[in-house]
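# Quick one: sequence and predicted model below, then my questions.
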Amino acid sequence: MKVTLISFGKISEFIHNQELEIGPINNTDLLKTHLEQVFPNLAGMKYKLALNKVMVQSPQKLSEEDVIAIMPPFSGG
């Protein structure tokens, strides 16, 4: 399965926007584990995922051509 990664902030320094082949990974929890193996710098960071522009609050099913945003902590005001 192929997904598109979009990264922001410090994460974009080592994960560039790209298409990524993720094989049999079918949910966002498994994807996080996979990303931390492929990009070891990510393992020590706090970050959030968004799936197709919606923040991930619990494990979500992945589909071919999904867009995953990887974002460091942020605050608004």
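Looks like it came in fine.

# Enumerate the beta-bridge partners assigned to the residue positioned nearest the centre of the chain.
The residue lying closest to the centre of the chain (CA atoms, centre = their mean) is residue 70, at 4.3 Å. Bridge pairing for residue 70 (DSSP bridges) gives the partners residue 7, residue 49.

# I'd assumed residue 49 was in contact with it.
Yes: Residue 70 lies in contact with residue 49 (CB atoms under 8 Å); the separation is 6.1 Å. Placement of C-beta: from N, CA and C, glycine included.

# was I right about residue 29 contacting residue 57?
No: Residue 29 lies out of contact with residue 57 (CB under 8 Å); the separation is 11.9 Å.

# And those two? Which one has more around it.
residue 29 (14 against 9; other CB atoms under 10 Å).

# Return the residues in contact with the more buried one.
Going by CB atoms under 8 Å, 6 or more residues apart in numbering, residue 29 touches residue 59.
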